[in-house]
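Asks: Sequence and predicted structure are below.
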Amino acid sequence: MSRILIADDARDIREMLGIALASADGGGHTIDFASNGQQALEMWEASRDENRPYSLVVTDFRMPILDGIELMARLPEDLPVIMATAADKPPYEFRKTPSRELVTKPFASILDFITHINELLESRRIQQP
């Protein structure tokens, strides 16, 4: 089972992703929600301290208190993070790495996005000994 943290200040986005993830895999993920980057960071730190770390973070780029770029900078480099942005072009601060991706909102297809998340999580499970 994977633990996923969704950080977005837009409640409708959090709810839509949560519902889509829960229904796409029959409820195999544990999904938590944060309404800003600071809350997401605190939740990640607590999950790490409890030895139940998140497998993936999906975060908005623009959020109050701590934005997605600042959040990513404080998370481990090997933790997969998908950043969503409504901007026409990628934020100049964003650097794509093997564990960091950028997607644009609105999502062209929520089902394709959820499938991508599940494939990413599965590939990480296969890579881990």
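Replies: In hand now; what should we look at?
Asks: Every contact and neighbour count from this point should use C-alpha atoms.
Replies: OK.
Asks: downstream neighbour of the lowest-mean-pLDDT helix or strand in the chain in the secondary structure list?
Replies: For the chain, counting by mean pLDDT, DSSP states H and E, strand 100-104 ranks last in confidence among helices and strands (a mean of 74). Tracing the chain past strand 100-104, the next element assigned as helix or strand by DSSP states H and E is helix 110-127.
Asks: Direction-wise, compare that following helix with strand 100-104 and give the angle.
Replies: Following axes from the mean of the first three to the mean of the last three C-alpha atoms, to 10 degrees, one obtains 170 degrees for the angle between helix 110-127 and strand 100-104.
Asks: Run through who's touching helix 110-127.
Replies: Ser2, Leu17, Ala20, Leu21, Ala24, Ser55, Leu56, Phe107 (C-alpha atoms under 8 Å, 6 or more residues apart in numbering).
Asks: Any stretches of the chain with poor pLDDT?
Replies: Within the chain, the stretches with pLDDT under 70 are 24-27, 87-98, 126-129.
Asks: Point to the residue nearest the middle of it.
Replies: Val58 (1.3 Å; C-alpha atoms, centre = their mean).
Asks: what sits opposite that residue in the beta ladder?
Replies: As for beta bridges, Val58 partners with Ile6, Ile82 under DSSP bridges.
Asks: Which residues are in contact with it?
Replies: Counting by C-alpha under 8 Å, 6+ apart, Val58 touches Ile4, Leu5, Ile6, Ala7, Val81, Ile82, Met83, Ala84.
Asks: which residues touch Pro106?
Replies: Ala86.
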